[in-house]
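>>> This is a predicted model, with the sequence first.
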Amino acid sequence: MKDGVNVVALAVFVFFFAVVTVMGFLAARWRRAADAEHLDEWGLGGRSFGTWITWFLLGGDLYTAYTFVAVPAAIYAAGAAGFFAVPYTILVYPLIFLFLPRLWSVSHRHGYVTTSDFVSGRFGSRALSLAVALTGILATMPYIALQLVGIQAVLDVMGVGGGESTHWFVKDLPILIAFGVLAAYTYSSGLRAPALIAFVKDTLIYLVIAVAVIYIPIRLGGFDQIFADAGEKFAATGSGAVVPGEGAHWGYATLALGSALALFMYPHSITATLSSGSREVIRRNTTILPLYSLMLGLLALLGFMAIAAGVKVDNGQLAIPQLFETMFPDWFAGVAFAAIGIGALVPAAIMSIAAANLFTRNIYKEFVRPGATPAQETQVSKVTSLLVKVGALVFVLGMDKTVAINFQLLGGIWILQTFPAIVGGLFTRWFHRWALLAGWAVGMAYGTAVAYNTSSPTQQHFASSSQTIPLIGEIGYIGLTAFVLNLAVTVVMTLVLRAVKAPEGLDSTTAGDYTADAGDPGVQEELPPPTVDARH
């Protein structure tokens, strides 16, 4: 790491940060709504985004600072096991092609803003809806924190904030400023801000990766040398492998499959999806989003490049920022750091909006103030989005940064337990609402308890998302095991509850709701009416 502040890189970083900050505030005027004080407008961008805006928004939402920092960091530390992110982003798109259009249609028909809105309408269960909402908020918090960790990583490498002996306020001032700016433009512009900024973010990321996979291997002697150096390092330390051994296959496969099932259960994924203007936009996006998986595969190789470049860091999250500073000219290192920083701002904004929408619609309006007006809903959601960011900031500033990825993976375990209620509900009403709640509770309890009991030489609890699979005896993803247990309990309980004729909740949806598109009769009927001037 270079001594002192990398002034050139910092200047480039600040320039791009300033550009997206201005864009974030100007986004409030972009596609201006007739009634900005409505949650459909602030929290879903007016449900009007087309194919390319949705593509950039979903890309900015799904491929985050976690992608840019933590995936290659995992490969830097453990080898090919970190590539699990590549197959899971391939598996997920055929999966969402099946159910996302149905979710969009029923949500557009009934004005649903969150998955909990759908669960409540489908199963008539406030308890199940609350469980889905709380799980979404709980799982999102560490994900937002991980984005702030990404910003902090590039600031550390640029030498901003001082050393460990520096006063905490001075050391953390840069990330406090970044947090303040993010909070301000998210509050004023809502989902339109990350939608607009995503164009800059994705352009920078594609540019940096294109340069990195050509320029860095040339400097390091080619990919043959890179893989050879990585193989030697793992052979010497025993910390991983360029190719995973047979014993790691179950862990690799279950983590990839479980992550694929969980990805679009996250509230931010659904928020970006529901912002699109038609069912066909969703279908087209599932066919072109795999372009990001190509980018991800190239990005993951940066972990091996960091090894070949001789990067030595105690915190693996710093490996890729340090690689960029070591290998690139200062000015282009600044561009790369800006890509990571903006790659954190976009998803952090969407995640905080999604969590706020869940709280507003499914906790505040459902249990605290059922008669809340659309303007009151919007105001509560704005304030909640600020509080969510504060919570993530406290996590980042108060906890060991190396555990951030494990807490995010724990969030994946939790959010996967909502799959039966959300995806199952999109195709069948057979599952009983009480059975779904029981299955969710069992899956959450099992997943959390098992994850809590995992340990490592440096961490006593929550050290891993993998553990021995009962009955099979292989090491596998805890979230997928919990999901199977969840599903088994749900099926058995449904059979029992139907046998005793337990009361079912009211289903407010119809078969036609799941295939409706924009412009179909009735689709817009529950969306906000046009503003009428009371003086006329």
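Thanks, I have the structure now.
>>> which residues sit in contact with Trp430?
Thr494 (C-beta atoms under 8 Å, 6 or more residues apart in numbering). To be clear about C-beta, it is placed using only N, CA and C from the backbone, and glycine gets the same treatment.
>>> who's in contact with stretch 208-221?
By C-beta under 8 Å, 6+ apart, stretch 208-221 touches 223, 226, 229, 295, 298-299, 301-302, 305, 308-309, 323-324, 327-328, 332, 335-336, 339.
>>> Tabulate the CA atom coordinates of it in CSV.
Provided in CSV are the C-alpha atoms of stretch 208-221 (Å, rounded to 0.1, in the frame of the first residue of the first chain):
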residue,chain,number,x,y,z
VAL,A,208,-12.7,-1.3,-15.4
ILE,A,209,-13.2,-5.1,-15.9
ALA,A,210,-12.5,-4.9,-19.6
VAL,A,211,-9.2,-3.1,-18.9
ALA,A,212,-8.4,-5.3,-15.9
VAL,A,213,-8.7,-8.6,-17.7
ILE,A,214,-6.5,-7.5,-20.5
TYR,A,215,-4.0,-5.1,-18.9
ILE,A,216,-3.3,-6.9,-15.6
PRO,A,217,-2.5,-10.4,-17.2
ILE,A,218,-0.2,-8.7,-19.6
ARG,A,219,1.8,-7.2,-16.7
LEU,A,220,1.8,-10.5,-14.8
GLY,A,221,2.9,-12.7,-17.6
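>>> Report the buried residues of it.
With burial defined by 16 or more other C-beta atoms under 10 Å, the residues of stretch 208-221 counted as buried are Val208, Ile209, Ala212, Val213, Ile216, Pro217, Leu220.
>>> go on, stretch 322-334?
Buried residues in stretch 322-334 (16+ other C-beta under 10 Å): Gln322, Leu323, Phe324, Glu325, Thr326, Met327, Phe328, Asp330, Phe332, Ala333, Gly334.
>>> Identify those among those that sit within strands.
Among the buried residues of stretch 322-334, no member falls in strands (DSSP state E).
>>> Which of the residues you listed fall in helices?
Gln322, Leu323, Phe324, Glu325, Thr326, Met327, Asp330, Phe332, Ala333, Gly334 (DSSP state H).
>>> is it true that the first one touches Ile307?
Just to be clear, that refers to Gln322. No: contact criterion C-beta atoms under 8 Å: Gln322 and Ile307 do not qualify, at 11.8 Å.
>>> which of the contacts of stretch 208-221 count as buried?
The buried subset of the contacts of stretch 208-221 (16+ other C-beta under 10 Å) comprises 226, 229, 295, 299, 301-302, 305, 308-309, 323-324, 327-328, 332, 335-336, 339.
>>> any weak-confidence spans in the stretch 1-150 of the chain?
1-3, 33-36 (pLDDT under 70).
>>> how about JSON lines for the ones in helices among the buried residues of stretch 322-334, with pLDDT added?
Output for those, formatted as JSON lines (pLDDT from 0 to 100):
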{"residue": "Gln322", "pLDDT": "92"}
{"residue": "Leu323", "pLDDT": "94"}
{"residue": "Phe324", "pLDDT": "94"}
{"residue": "Glu325", "pLDDT": "93"}
{"residue": "Thr326", "pLDDT": "92"}
{"residue": "Met327", "pLDDT": "95"}
{"residue": "Asp330", "pLDDT": "93"}
{"residue": "Phe332", "pLDDT": "95"}
{"residue": "Ala333", "pLDDT": "94"}
{"residue": "Gly334", "pLDDT": "93"}
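>>> Among these, which one sits closest to Ala372?
Gly334 (45.3 Å; C-beta to C-beta).
>>> right, and the helix or strand after the lowest-mean-pLDDT helix or strand in the chain?
When each helix and strand of the chain is scored by mean pLDDT, DSSP states H and E, helix 65 comes last, with a mean of 73. Downstream of helix 65, the next assigned helix or strand under DSSP states H and E is helix 71-78.
>>> who touches that next one?
With C-beta under 8 Å, 6+ apart, helix 71-78 has contacts from 81-83, 85, 239-240, 296, 299-304, 306-307, 311, 316-317, 319-320, 405.
>>> ok, now stretch 227-242?
Ala77, Ala78, Gly79, Ala80, Ala81, Leu220, Ala248, Phe304, Ile307, Ala308.
>>> Most widely separated two among the residues you listed?
Leu220 and Ala248 (26.4 Å).
>>> residues near Ala236, how many?
By the measure other C-beta atoms under 10 Å, the count of residues near Ala236 is 8.
>>> To which secondary structure element is it assigned?
Assigned by DSSP H and E, Ala236 belongs to helix 223-237.
>>> Okay, angle between that helix and helix 71-78 too, please.
50 degrees (axes from the mean of the first three to the mean of the last three C-alpha atoms, to 10 degrees).
>>> Report the contact partners of Asn453.
His461, Gln467.
>>> should've said Val380
By C-beta under 8 Å, 6+ apart, the neighbours of Val380 are Ala356, Phe359, Thr360, Tyr364, Ala372.
>>> neighbour-wise, which of those residues leads?
Ala356 (31 neighbours).
>>> Distance of the nearest residue to Asp330 once chain neighbours are set aside relative to Leu437?
Closest residue in space to Asp330, ignoring its immediate chain neighbours: Val8 at 3.8 Å, by C-beta to C-beta, 6 or more residues apart in numbering. Computed as C-beta to C-beta, to the nearest Å, the Val8 to Leu437 distance reads 56 Å.
>>> Please enumerate the strands of this protein.
For the chain, the strands defined by DSSP E cover 466-468, 475-477.
>>> one step back: Val8 and Leu437: which has the busier surroundings?
A count of neighbours by other C-beta under 10 Å puts Leu437 above the other of Val8 and Leu437, at 21 against 15.
>>> The more buried one touches Ala127, doesn't it?
Yes: using C-beta under 8 Å as the test, Leu437 is close enough to Ala127 to be in contact (5.8 Å).
>>> Pick the one among the ones in helices among the buried residues of stretch 322-334 closest to Leu416.
Nearest to Leu416 among these, with distances taken as C-beta to C-beta, is Leu323, at 32.2 Å.
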